[in-house]
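Colleague: 3D model of this:
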Amino acid sequence: MQKMGTHLFLVGIKGTGMSSLALLLQYWGFSVCGCDTSEIFSSDAVLNDAGIVVYEGFEASLLPPDTDGVIFSSAYSESLPILQEARKRSIPIYSYPQYLAYLSRQQDSYAVAGTHGKTTTCSVTTHLLNHACDGQFPFYAIFGAPQENVAGGRECALFEACEYQDHFHSYKLRGVLITSVEYDHPDYFSSKEQVMRSFETLVDNLQGGGFLIYCSDDPGASAIGSYAKKARHDLSILNYGFSSDGPFRIIKAIGGKYSLALLKDLPFSVTSKAKALVDDHVGALVLSIAMLLDRSEPKLYVEDKGVITDEVLPTLASLFLPHLAGYQGCKGRTEELFRDGQVIYLDDYAHHPSEIKTSLEEIRLRYPGYPLLVIFSAHTASRTFALLEEFAEVLAQSDQLILQSTYASARNDSSGAEDPALILFSLLRKSIGDGVAYAPSDEAAIEIAATWLQERRLCITMGAGNNRSLGPKIAERRRSLQ
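Modeller: Next comes the predicted model:
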C-alpha cells in the first residue's frame, strides 16, 4: 500500500462503516474530513460531535489542498469528480475494503462475516471485551455503528467483513465468525452457490493455526462449517446455537433466561428476545473467548489472573456471561428513538427478508400487545426484484405497512424498469388489502402514517434506505391533526 500522510479525506463518510473508520482515524491522530450527499443520516450527529467536517457533494473543488490520502466508500464509483481530482494530484486513493485489508495486516486480525447479524455480533463482542476485561484487552474494532469506546489498543483488531464483491477475500485474518449465509447482493452474485463459494474462499484464506466459529442454527453457516472441517484441519473450529452439539449449545432456562451446555447451572440474560439475536449474543461470547485465548498471555487481560485454568472454557464463559445483560444495543438495530404520547417510534436497518423477519419477531416480543406500523424503504432494485416473494411474505406480518419507493442506491443497479416497490405493493395488496399503502415520497409517507397511527401503537422506519428521520416528522404531523 502506498503510504498516506496525516491529512485524510473520506468520500462517502456518512456510511455506517466509513463513519466508524473516520472516528477511529481521528482517535489515532489523523486529521480527518470528508464529503457525502446532502441527506441527513444517523452518522451526521456523531461526526458533528467529533468535530469532523463533512462537505456536501462530490465535486473536485471540495478536495482540500493539504489532502495526502483519500479513502472512498465502495458504494460509489471511482468516476466521481473528487476521486478524479485526487488521481490528477497523484494522491493515494483506497476504497474502504482496500483500507480495511491494509489495516488487517498491521496486527492479528479477526472478523465477523455473514449475510445478517455482523454489526450486532461485532458490537456485542466489543462490549464484552471492553467490560469483562476492564478495558485491558488491546484491540480496536471497525463495524457499522458508532461505538461507546473507539479504541483500546492495537495489538489485535476486529472487523465487520462483507462478502459483497468478495471484499473480505483481501483481508488477512486469524479467525472468523460466520453468522449466516443466504442469497444476497444479486447485482454481484448470480446464485446462492456463488455466495457459498465466496465464503469457502474466506475459509481457505484463514491463517494456519487460527479459528473458525459458525452458527449451527443457520443452514448456510453450518455448511461452511462442514467445509472447514474437511478442508482446514489446521483450524480450531467451534459452533454455537440452539442446535449446537458442542459446549456452546444454548439451552432455554426458566424466567426467560438461557444457559450453555458447558455451564448448565449458570443461567444468563440477554437484552434481545428473538432467537437469531440470542444467537448473535452468544456468538459474540464465543468470539470474545477465542480472541482472548489467541493472545500469547491471555491472563494479562482479565481481572482474576487465576481464571485461566485447565477448565478454560467454562471459567472464561463465566467471566463473560454476566456482561451480556449490560449490553445496550447499537444504533439502527431495533432502536427505540422516542415516545410521543402513547406512540413508540423505532428504527431498524433490516433490509433483507430474513433480517426483517428477525426484527419483527424481536419487536413483537419486546412490545407485546402493540399493533405495528412498518414504513419500509427497499434498498437496491436488484435485491428487491430478486427476493420479491420473500419480501412480500415477511412484510405481510405487519399490522399496517407503508412501502416507500426503492432507495436510489449508489450502486445504480436499477434496470430502468418499474419500481420494484410498486410490484411488491401489488403482491401485498392481495394478502393484507387496505393495510398496505404505497408512498412515492417522504411527504406522502408522513401524511399516511400520521393519519393511520393511533394511541398504543408502534411506528418503525425500516430498511437501509435512510428513512430514519421520518419519525419526528410523523409525530409533529400527528400533533397538528389533533
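
Colleague: which residues are in contact with stretch 255-262?
Modeller: Contacts made with stretch 255-262 from outside it, assessed by C-beta atoms under 8 Å, 6 or more residues apart in numbering, are listed as 244, 246-253, 265-270, 273, 278, 282, 313-314, 317, 321. All C-beta atoms are positioned from the backbone trio N, CA, C, and that covers glycine.

Colleague: redo that, cut-off 7 Å
Modeller: Outside of stretch 255-262, the residues that reach it under the criterion C-beta atoms under 7 Å, 6 or more residues apart in numbering are 247-253, 266-270, 278, 313-314, 317.

Colleague: mind showing which ranges of the stretch 201-350 of the chain have poor pLDDT?
Modeller: 302-310 (pLDDT under 70).

Colleague: where along it do the helices fall?
Modeller: Chain-ordered helices for the stretch 201-350 of the chain, with DSSP state H, counting those that start in this stretch as the definition, fall at 219-231, 275-293, 312-320.

Colleague: nearest to Glu476, of those helices?
Modeller: Between Glu476 and the helices of the stretch 201-350 of the chain, the shortest gap by C-beta to C-beta is with helix 275-293, which sits at 31.5 Å.

Colleague: In this structure Val282 contacts Phe248, no?
Modeller: Yes: under the contact definition of C-beta atoms under 7 Å, Val282 touches Phe248, with a separation of 6.4 Å.

Colleague: Give me the common contacts of these two.
Modeller: Among the neighbours of Val282, those also in contact with Phe248 (C-beta under 7 Å, 6+ apart) are Tyr240.

Colleague: So these two - more neighbours on which side?
Modeller: Neighbours were tallied for Val282 and for Phe248 using other C-beta atoms under 10 Å; the higher tally belongs to Val282 (27 against 24).

Colleague: Contacts only, for the more buried one.
Modeller: Val282 sits next to 240, 248, 250 when contact means C-beta under 7 Å, 6+ apart.

Colleague: could you measure the residue nearest to the first one when sequence neighbours are not counted against Leu287, distance?
Modeller: It stands for Tyr240. Nearest residue to Tyr240, sequence neighbours excluded (C-beta to C-beta, 6 or more residues apart in numbering): Phe248, at 3.8 Å. As for Phe248, its distance to Leu287 is 11 Å (criterion: C-beta to C-beta, to the nearest Å).

Colleague: Equivalent analysis for His167, please.
Modeller: Where Leu287 is concerned, His167 sits at a distance of 20 Å (C-beta to C-beta).

Colleague: And the two? Which one has more around it.
Modeller: Set side by side, His167 and Leu287 show more neighbours around Leu287, with 27 against 18, by other C-beta under 10 Å.

Colleague: Now do the buried residues in stretch 223-240.
Modeller: By neighbour count, with 16 or more other C-beta atoms under 10 Å as the criterion, the buried positions of stretch 223-240 are 223-225, 227-228, 232, 235, 237-240.

Colleague: Distance to Leu403 added to those residues, as TSV?
Modeller: As requested, the buried residues of stretch 223-240 are exported to TSV (distance: C-beta to C-beta, whole Å):
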residue	distance to Leu403
Ala223	33
Ile224	34
Gly225	37
Tyr227	38
Ala228	40
Arg232	44
Leu235	44
Ile237	42
Leu238	41
Asn239	38
Tyr240	36
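
Colleague: Make sure Cys156 is actually in contact with Asp108.
Modeller: Yes: the pair Cys156 / Asp108 is scored as a contact, 4.4 Å apart, by C-beta under 7 Å.

Colleague: what about the nearest residue to Leu292 once chain neighbours are set aside, neighbour count?
Modeller: Nearest-residue entry for Leu292: Pro298, 4.9 Å, with adjacent residues in sequence omitted and distances by C-beta to C-beta, 6+ apart. Pro298 has 19 neighbouring residues, counting by other C-beta under 10 Å.

Colleague: Verify the stated contact: Pro298 with Ile289.
Modeller: No: under the criterion of C-beta under 7 Å, Pro298 makes no contact with Ile289, lying 9.3 Å away.

Colleague: Would you map the strands across the stretch 201-350 of the chain?
Modeller: 211-215, 236-240, 250-252, 258-260, 263-268, 335-340, 343-348 (DSSP state E, counting those that start in this stretch).

Colleague: who's in contact with the third one?
Modeller: Strand 250-252 is contacted from outside by 241-242, 258-261, 264, 278, 282, using C-beta under 7 Å, 6+ apart.

Colleague: got the buried residues for it?
Modeller: Within strand 250-252, the residues that qualify as buried are Ile250, counting by 16+ other C-beta under 10 Å.

Colleague: What strands flank it, and is each parallel or antiparallel?
Modeller: Strands adjacent to strand 250-252 in the sheet, as given by DSSP bridges, are strand 258-260 (antiparallel).

Colleague: Any chance of the backbone angles for the residue sitting nearest the centre point of the chain?
Modeller: A centroid search over the chain (C-alpha atoms, centre = their mean) returns Thr119, at 2.9 Å, as the residue closest to the centre. Dihedral angles phi and psi of Thr119 (degrees, to the nearest 10) take the values phi -60, psi -50.

Colleague: which residue packs closest to it, ignoring adjacent ones?
Modeller: Distances taken as C-beta to C-beta, 6+ apart place Gly144 nearest to Thr119, at 4.5 Å, with adjacent residues excluded.

Colleague: my read is Ser109 is in a helix, agree?
Modeller: No: inclusion of Ser109 in a helix is not indicated when DSSP: H, G, I helix; E, B strand; the rest coil is applied; the result is strand.

Colleague: residue contacts, it?
Modeller: 156-157, 159, 171-174.

Colleague: Quick check: the farthest pair among those?
Modeller: Longest distance between any two of those is 13.4 Å, between Cys156 and Tyr171; criterion C-beta to C-beta.

Colleague: picking up where we left off before, name all residues that make contact with the residue nearest to the centre of the chain.
Modeller: Shown here is Thr119, whose contacts under the criterion C-beta under 7 Å, 6+ apart are 143-145, 160, 330, 333.

Colleague: May I have the predicted confidence score for it?
Modeller: Reading off the per-residue confidence, Thr119 sits at a pLDDT of 94.

Colleague: next one: Ala417
Modeller: Predicted confidence (pLDDT) for Ala417: 65.

Colleague: follow-up on the earlier one: ok, now how distant is the residue nearest to the centre of the chain from Tyr55?
Modeller: Thr119 sits 26 Å away from Tyr55, taking C-beta to C-beta as the criterion.

Colleague: Could you do Pro298 as well?
Modeller: 45 Å.

Colleague: Setting aside sequence neighbours, what's the nearest residue to Leu25?
Modeller: In this structure, Leu25 finds its nearest non-sequential neighbour in Val32, 5.1 Å apart by C-beta to C-beta, 6+ apart.
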